[in-house]
Every structure is written in C-alpha cells, then in structure tokens.
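# When you get a sec, could you give me coordinates for this:
(4 chains)
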Number of protein chains: 2
Amino acid sequence: MQETATPKRGGARERILELAEAATLEKGFGATSIEELIAGAGISKSGFFHHFRDKNALAKALIERYLANDEVILDGLFARGDELSEDPLQSFLIGLKLFAEMLADLPEAHPGCLAASFVYQEQLFDGEVRALSRRSFLRWRARFAERFDAIAAKYPPRVPIDRAALADMAAALIDGGITLGKSLKDAKILPAQVLHFRNYVRLLFDPAI
Amino acid sequence: MQETATPKRGGARERILELAEAATLEKGFGATSIEELIAGAGISKSGFFHHFRDKNALAKALIERYLANDEVILDGLFARGDELSEDPLQSFLIGLKLFAEMLADLPEAHPGCLAASFVYQEQLFDGEVRALSRRSFLRWRARFAERFDAIAAKYPPRVPIDRAALADMAAALIDGGITLGKSLKDAKILPAQVLHFRNYVRLLFDPAI
DNA sequence: GGCGTAGCTGTACCGCAAGTACGGTCGCGG
DNA sequence: CCGCGACCGTACTTGCGGTACAGCTACGCC
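Sure thing, here's the model as predicted:
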C-alpha cells in the first residue's frame, strides 16, 4: 500500500479508477469531481481526458472493473462450496454461508454496490452502462437458477417456486441489504440478510428441517 | 393531465415537487437541474429559491413528502389486513398480498424508492436528509417487528429468528426488488419478491404448511 | 384603508466543474 | 532516430448552483 506521494509515471489510469470507485461508493458518482480525482492521482486534467473521453467513459470502466471483480469473488466462494460437498443443496448453502462470513468479516460496512448506485443516478450513462449492469444481473440470475434446478431435482420444494424469481431474490436481498446497511450504518445487516436467504432456501428444499 | 402551459399563480411549490420527484426517480437527483424544473413549472429562478433555500432543501421536502405518502399507503393496506382477519399471521399475510397486488397493478414498473436513491448519491445532503430516511427505515423495522412478535407468540417459528432482521428483510427486498426491476425494466420483479417474502413468513410461522 | 406578507418576476453577477483545443515533453520499443 | 503512448500546461467555453437586490401583486387582517 504505497502512498501516491510519488507521482510514478504510468498506471495513472488504475489510480484514477481506484480513487473514483471509493469516492463514488462514498458520495455518489455525480458528486465525485474529476478535479478531486486528478489531484489525488497526481496527474493533470489533460491526463485524465487522455485516458477517458468523458466522465461517462469513467463510469463504464468503473463498473466493468467492479462487476468483473465481484464475479471472481463470488465464483470463488461457490466453487469452494462445490469442493466441500457433492450435494447441490449443501454446496449452495455452504457457498451462502461463506459469503455471509466474508461480509461479516469486512472491517466496515460493505462500501456499496456500484451497479445499484448507477441504476438511480442519471440517465447520462448513454445506456451502455445500464446495459452492462443489466447483463450482469441476468448472468447471476441464470447461474443461480441453474443451481436451483439441480437442487429442486433432488429435493422437491415444499411449495412451488419460480427459479428465476428465487435467483432475483438473492440479488435483491444483497442490494437492499447493502443499501439498508449503508443508511443505518450497520455492518451486520447485510450478512444477516444473506443468512435469511439461506434460511429460506433451507425451508424450501431441505427435507431435514 | 393538464399541461403547464397556463402559468397558474400559486401552487408552484407543489408543481416543482411533482416534477422533481419524477425527474429524480428517472435520472437521479444530481442530474435534475433547477433550470429544467422552473422551465417545467413555469416560474422564474427567483421563484424557486423563494420556496427552497437551496437544492438540499428541495431534496428534504421531496423525501418528506415521499415517506409520508408511502406510510399512508402501506398503513392502509395492513389496516385492511387487520380488518379482514383477527389472526396476527393471517392479517399480516393479507396485508402483504394486498401490497403485492397493488404493485402488480401499477401500469408501469414502480418508479423507484427515493429513500434508497438518496442513500448513494452525494454526501451533500447535510445529514438531515439521511437522518430522515434513516428514521423512516427504523420506524418500519419497529412496526414490522411488533407484528412478528404477535405472530411468534401465537405460532412458534420453525427456526429461531431475529425479529429486527426479519423486518429489515422486508425493507431490503422491497428496495432491492425496485432496483432490480428498474435495471431489468421488468415490472413483475417487485411484486414477485414481496410474495417471496410472504412465502418465507408462511414457511417460518404457518403450522398449516 | 392602509400594511404586511406570501408568492412571485427580472436582471445581473459569481464560482466551480465539465469539457475543448492544442501544443509541448519524456521515455521506450522498433 | 522515429513514432507513439503517456502524460503536462495553458487557456478558453458552457452550464449549473447560488447570491443579491429591486420590484410587483393579490390577499388577509387590524
């Protein structure tokens, strides 16, 4: 974690993205000025516009980075769940628990969901940005729905359910949990909601309960 | 739906709030310019600042109006649930169903949750605005938790639950459902999520399932 | 009937942030 | 040594939030 005191040549783009992500999650994209970013990154305004055509391009790069990173993390957790159990239900429940634990272990509250924060907040994003988060949501829906299919095939659900809606529930709960936690400044809300979702899945499928 | 062609004297404040709410939910508060509001409302810039000290005051008035309106609507639905059944669980389930039906009957997708849209998006709001939505969340948590107490007293839950976290789940699901519905432009997501919450409550408490 | 006040209009101006334009500099690989 | 990518510097335009005043009008109230 080297300080930006040294205006090291090269890598300015990465520094900008880092600063912009933190600032956006803290106070919103609109409230994050280019001037504050270039001051923090130690580059000039021309330097900024050399890397990003305009603020919109920054938003796009930001969310691409964010979504890719999220995907790696979550994939890792559920892959670990698959390693620890062959049962589709158990491995999914393990994945959820690992996720909740990871969230609970964050020193502060989860900084926020960039994708969600961009859903509100300006049309500006010429549709490209919205399309990006849209596709990301759909990918998660498909991925979760697939797991629910495998689970339902082995454990008939207690009540009939719509796999897509159940997958959406995870996304909605995570997003809403982040928002709620942010508003109430309570880091425990988000992991608690993930565990509630886990509990719901158990009540739906787990015959042992 | 009368056009604002007639610059009717009086009521400009109300017109501003109406326009500002729609614009904020569509593209964000930051992207909503005062100039576009006064153009739409047919008043001058001085007129705007006569009603609102600054943009922050507009945000505050906006969210006050929004939260009060929400409260009236939701209270009405759950009061109706209480009328239709004396059983705490049943009346709550009825309230949730009425809520889901109301959401499903909206011609378009729910326009969005102002409280949530203000959680991200600028520190600007001198804390007053954040405090408002914060208190609103806490009030809902208390109100729902009370109902869960009554329900749990009569129907012991299938698994131990935290009443506050369960109340938060409703808020998180609604907020996340709105966001998801907005992003995917699918009006059915939100009511589906409310019904999922209802389903969870049933699985937790209803002995008949 | 005079008087204040709410609800505006109009004009002029400031500061800041986004974005444009364009020329110059430095280091590195071919 | 040439070009190109990664910048720096300066200067300028535009739009928006916000300030500062001066004035106008309809309505309610003592």
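
# Which positions in stretch A:128-140 come out as buried?
Residues of stretch A:128-140 classed as buried: A:Val129, A:Arg130, A:Leu132, A:Ser133, A:Arg134, A:Ser136, A:Phe137, A:Trp140 (neighbour count, 16 or more other C-beta atoms under 10 Å in any protein chain shown). For the C-beta atoms, the positions are set from N, CA and C on the backbone; glycine is no exception.

# Identify, from those, the entry nearest to B:Glu18.
Nearest to B:Glu18 among these is A:Arg130, at 25.1 Å by C-beta to C-beta.

# how about the lowest-mean-pLDDT helix or strand in chain A: buried residues?
Among the helical and strand segments of chain A, the one scoring lowest on mean pLDDT, DSSP states H and E is helix A:114-119, with a mean of 83. Neighbour counts over helix A:114-119 (16+ other C-beta under 10 Å) mark A:Leu114, A:Ala115, A:Ala116, A:Ser117, A:Phe118, A:Val119 as buried.

# For A:Leu17, which residues are in contact?
By C-beta atoms under 8 Å, 6 or more residues apart in numbering or on different chains, the contact set of A:Leu17 is A:Leu58, A:Ala61, A:Leu62, A:Arg65.

# Please check those and keep the buried ones.
The neighbour count (16+ other C-beta under 10 Å) marks A:Leu58, A:Ala61, A:Leu62, A:Arg65 as buried among the contacts of A:Leu17.

# Let's have these in CSV, adding secondary structure and distance to A:Asp206.
Output for the buried ones among the contacts of A:Leu17, formatted as CSV (DSSP: H, G, I helix; E, B strand; the rest coil; distance: C-beta to C-beta, whole Å):
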residue, secondary structure, distance to A:Asp206
A:Leu58, helix, 45
A:Ala61, helix, 42
A:Leu62, helix, 39
A:Arg65, helix, 37
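
# any chance of the residues you listed in JSON lines, plus distance to DNA strand D?
Formatted as JSON lines, those follow (distance: C-beta to the nearest atom of the strand, whole Å):
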{"residue": "A:Leu58", "distance to DNA strand D": "14"}
{"residue": "A:Ala61", "distance to DNA strand D": "13"}
{"residue": "A:Leu62", "distance to DNA strand D": "17"}
{"residue": "A:Arg65", "distance to DNA strand D": "16"}
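
# B:Gly47: which of these is nearest?
For these, the closest approach to B:Gly47 (C-beta to C-beta) belongs to A:Leu58, at 35.6 Å.

# how near is the residue nearest to the closest one when sequence neighbours are not counted to DNA strand C?
Of all residues not flanking A:Leu58 in the chain, A:Phe52 sits nearest, at 4.6 Å (C-beta to C-beta, 6 or more residues apart in numbering or on different chains). Distance of A:Phe52 to DNA strand C, given as C-beta to the nearest atom of the strand, to the nearest Å: 8 Å.

# And the least confident helix or strand of chain A, how far out from the chain middle?
Averaging C-alpha positions (C-alpha atoms, centre = their mean, to the nearest Å) puts helix A:114-119 9 Å from its chain's average.

# And stretch A:143-159, by the same measure?
Computed by C-alpha atoms, centre = their mean, the chain-centroid distance of stretch A:143-159 equals 24 Å.

# how about the helices in chain A?
For chain A, helices defined by DSSP state H occupy the ranges A:12-27, A:34-41, A:45-51, A:55-84, A:88-105, A:114-119, A:128-154, A:163-184, A:189-205.

# domains of chain A?
With automatic domain parsing as the criterion, the domains of chain A are listed as A:1-52, A:63-205.

# For these, could you give me JSON lines that also reports distance to B:Ala20?
Shown next, in JSON lines, are these (distance: least, C-beta to C-beta, whole Å):
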{"stretch": "domain A:1-52", "distance to B:Ala20": "15"}
{"stretch": "domain A:63-205", "distance to B:Ala20": "14"}
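
# Need the winner for burial among those.
Highest mean neighbour count among the domains of chain A (mean count of other C-beta atoms under 10 Å in any protein chain shown): domain A:63-205, with a mean of 19.

# weakest of the domains of chain A by average pLDDT?
Here the domains of chain A differ in mean pLDDT, and the lowest is domain A:1-52 at a mean of 84.

# ok, is the least confident helix or strand of chain A in contact with chain B or not?
Yes: applying C-beta under 8 Å from any C-beta of the partner chain, one finds helix A:114-119 touching chain B at A:Ala115, A:Ala116, A:Ser117, A:Val119.

# go on, stretch A:202-209?
Yes: Stretch A:202-209 is in contact with chain B by C-beta under 8 Å from any C-beta, via A:Leu203, A:Leu204, A:Ile209.

# who touches that stretch?
Contacts to stretch A:202-209, defined as C-beta under 8 Å, 6+ apart, come from residues A:89, A:93, A:151-152, A:155, A:157-159, A:161, A:166, B:158-159, B:200, B:203-204.

# which ones are touching the residue lying closest to A:Ala150 once chain neighbours are set aside?
Spatial nearest neighbour of A:Ala150, chain neighbours left out: A:Pro88 (4.0 Å); criterion: C-beta to C-beta, 6+ apart. Taking C-beta under 8 Å, 6+ apart, we find A:Pro88 in contact with A:Arg147, A:Ala150, A:Ile151, A:Ala153, A:Lys154.

# if I pick the fourth one, what's in contact with it?
The reference is to A:Ala153. The contact partners of A:Ala153, taken as C-beta under 8 Å, 6+ apart, are A:Pro88.

# Check the gap between it and DNA strand C for me.
Distance from A:Ala153 to DNA strand C, by C-beta to the nearest atom of the strand: 50 Å.

# can you pull the contacts of the closest residue in space to A:Ile43 that isn't next to it in sequence?
What sits nearest to A:Ile43 in space, not counting adjacent residues and going by C-beta to C-beta, 6+ apart, is A:Ala12, at 4.8 Å. Shown in contact with A:Ala12 (C-beta under 8 Å, 6+ apart): A:Ala41, A:Gly42, A:Ile43, A:Gly47, A:His51.

# close enough to count as contact, the fourth one and A:Ala39?
When you say that, I think you mean A:Gly47. No: shown here, A:Gly47 and A:Ala39 do not form a contact pair, counting by C-beta atoms under 8 Å, at 11.6 Å.

# Around DNA strand C, pick out the residues from chain A.
For chain A, the residues in contact with DNA strand C (C-beta under 7 Å from any atom of the strand) are A:Arg9, A:Thr32, A:Ser33, A:Ile34, A:Glu35, A:Lys45, A:Ser46, A:Phe49, A:Arg53, A:Asp54, A:Lys55, A:Asn56.
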